[in-house]
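Colleague: Next input, structure requested:
(one chain, ligands or ions: 1)
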Amino acid sequence: MFFKKISLLLLILNMSMTFLVGMKRQSNEIVFGLPNEGTNNCFMNASLQCLKNLKGFTEAVAIDVNNDLILKSLSNILQNSSENKGITNQHPFYGHVRKNLFGSTNLTQEDPMEFIEYLIGLCPDFEEQIKITTNSEKKCNKCSSTTQKNESDYILKCEIPEAEYNKSFCSLEDCISSFGNFETVNAKCEQCSKNKDVSCRKKFTLTKTSQHLIIAAKIYDNNLNKKKIDVLFPFTLSQDGELYHLSGCILHYGQSPKAGHYIAIIEKNNQWYLCNDEVITLLSNQEISAIAEHGSIRLEKDSNMTCTPYIWFYSKNNNEQNN
Ligand SMILES: [Zn+2]
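Modeller: Residues are numbered from 1 along each chain as shown. Just a heads-up that it's a prediction; the model follows:
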């Protein structure tokens, strides 16, 4: 255990050194920063950077813009950020989202997963490009009856496999594989217990994917405490007989999804960028590989801000990204 900790420390130290080089290079006006001046906008900013990097997102928002006030203000952000016009942290979009999704305009930190699902739900023309279908199979532990149900979702939410709990690292592929494992849940049984929860075993199978595939690893336990495990990820993923390419990832620093700080890394025209609110930084091939191989990134040399991957954005054809 001691040696594991030492080797982890060395990895982090090594990463912080490689990363420092990147911090000095600024981006060349292809990716624009989004504002966060002490307003905890980072969960929205990191999500938006990854979403707007997906082919079809900006176009779909433009089509569905009349459906909703939030899409109207989002469309304004997307337009202004591509023209490099300043967007302030007072932009109506941030307030609209907080009020509609969280019921208050308090500047709290929130889970980007909720925000992403909410935005996609507002945008039917994009929803079709994201939607996944899962089959859930529930076996009652009391009467052994089995029920099947098809459900659709926008994000493939994967557990960290139990076998990996005692390790410092696991792979995203392992998390995806564990998606098909049975887990014990308390639920009502149509056969023997219609009104009261009984112990059941439930498993999900991914039956249909779309153009884009958003994957989240459940790096938080039921009490929203972060598990001490980093998820390593691949740049291409074979799923449903198709090859998916990584175009973005949201990383988190902190102990709970509703605290800390969120950043994003995105790929555009074969170049990776680190999006830390207003600050956009070019990443070298070495730096981006280090993030994928170590499952973490140290943001600044003198801080302890180590961000770990949480939500990944894969697409079927990475060579035809929108602008
Ligand atoms: Zn039963």
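Colleague: how close does residue 276 sit to residue 205?
Modeller: According to C-beta to C-beta, to the nearest Å, residue 276 stands 37 Å off from residue 205. C-beta here means a position set from N, CA and C on the backbone, and glycine is covered the same way.
Colleague: If you count surrounding residues, which of these two has more?
Modeller: It is residue 276, of residue 276 and residue 205, that has more neighbours when counted by other C-beta atoms under 10 Å, with 26 against 13.
Colleague: got any ranges where the stretch 51-200 of the chain has weak pLDDT?
Modeller: Applying pLDDT under 70 to the stretch 51-200 of the chain flags residues 84, 165.
Colleague: Give me the buried positions along the helix or strand hosting residue 46.
Modeller: Using DSSP states H and E, residue 46 maps to helix 42-52. Judged by neighbour count using 16 or more other C-beta atoms under 10 Å, the buried positions of helix 42-52 are 42-52.
Colleague: With stretch 217-224 instead?
Modeller: In stretch 217-224, counting by 16+ other C-beta under 10 Å, buried: 217, 219-220.
Colleague: As a markdown table, those with pLDDT and secondary structure would be great.
Modeller: Conversion of these to a markdown table gives the following (pLDDT from 0 to 100; DSSP: H, G, I helix; E, B strand; the rest coil):
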| residue | pLDDT | secondary structure |
| --- | --- | --- |
| 217 | 93 | strand |
| 219 | 87 | coil |
| 220 | 83 | strand |
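Colleague: The ion: which of those residues is nearest?
Modeller: Of all the buried residues of stretch 217-224, residue 220 has the smallest distance to the ion: 30.4 Å, by C-beta to the ion.
Colleague: for the ion, what are the nearby residues on this protein?
Modeller: Residues of the chain lying close to the ion by C-beta under 5 Å from the ion are 140, 142-143, 189, 191-192.
Colleague: In strands, which of those appear?
Modeller: 140, 189 (DSSP state E).
Colleague: Which secondary structure element is home to residue 286?
Modeller: Following DSSP H and E, one finds residue 286 within helix 285-294.
Colleague: Which positions in that helix come out as buried?
Modeller: 287-288, 290-292, 294.
Colleague: Please apply the same query to stretch 256-272.
Modeller: Neighbour-count burial for stretch 256-272 flags 257, 260-268, 271-272 (criterion: 16+ other C-beta under 10 Å).
Colleague: tell me the average confidence for that stretch?
Modeller: Stretch 256-272 shows a mean pLDDT of 94 in the predicted model.
Colleague: now stretch 289-307: mean pLDDT?
Modeller: 84.
Colleague: Show the end-to-end separation of it, please.
Modeller: 15 Å (C-alpha to C-alpha, to the nearest Å).
Colleague: Distance from the chain centre to that stretch, please.
Modeller: Centroid separation for stretch 289-307 versus its chain: 17 Å, with C-alpha atoms, centre = their mean, to the nearest Å.
Colleague: Count the residues that sit near residue 153.
Modeller: For residue 153, using other C-beta under 10 Å, the count is 15.
Colleague: close enough to count as contact, it and residue 130?
Modeller: No: between residue 153 and residue 130 there is no contact under C-beta atoms under 8 Å: 9.2 Å.
Colleague: that older thread, check which helices and strands the helix holding residue 46 is in contact with.
Modeller: Applying 3 or more C-beta pairs under 8 Å, 6 or more residues apart in numbering; DSSP states H and E, one finds that helix 42-52 contacts helix 69-82, helix 92-102, helix 112-121, strand 242-253, strand 261-268, strand 271-276, strand 306-315.
Colleague: by contact count, what packs against the first one?
Modeller: The criterion is 3+ C-beta pairs under 8 Å, 6+ apart, and the helices and strands that helix 69-82 contacts are helix 42-52, helix 57-64, helix 92-102.
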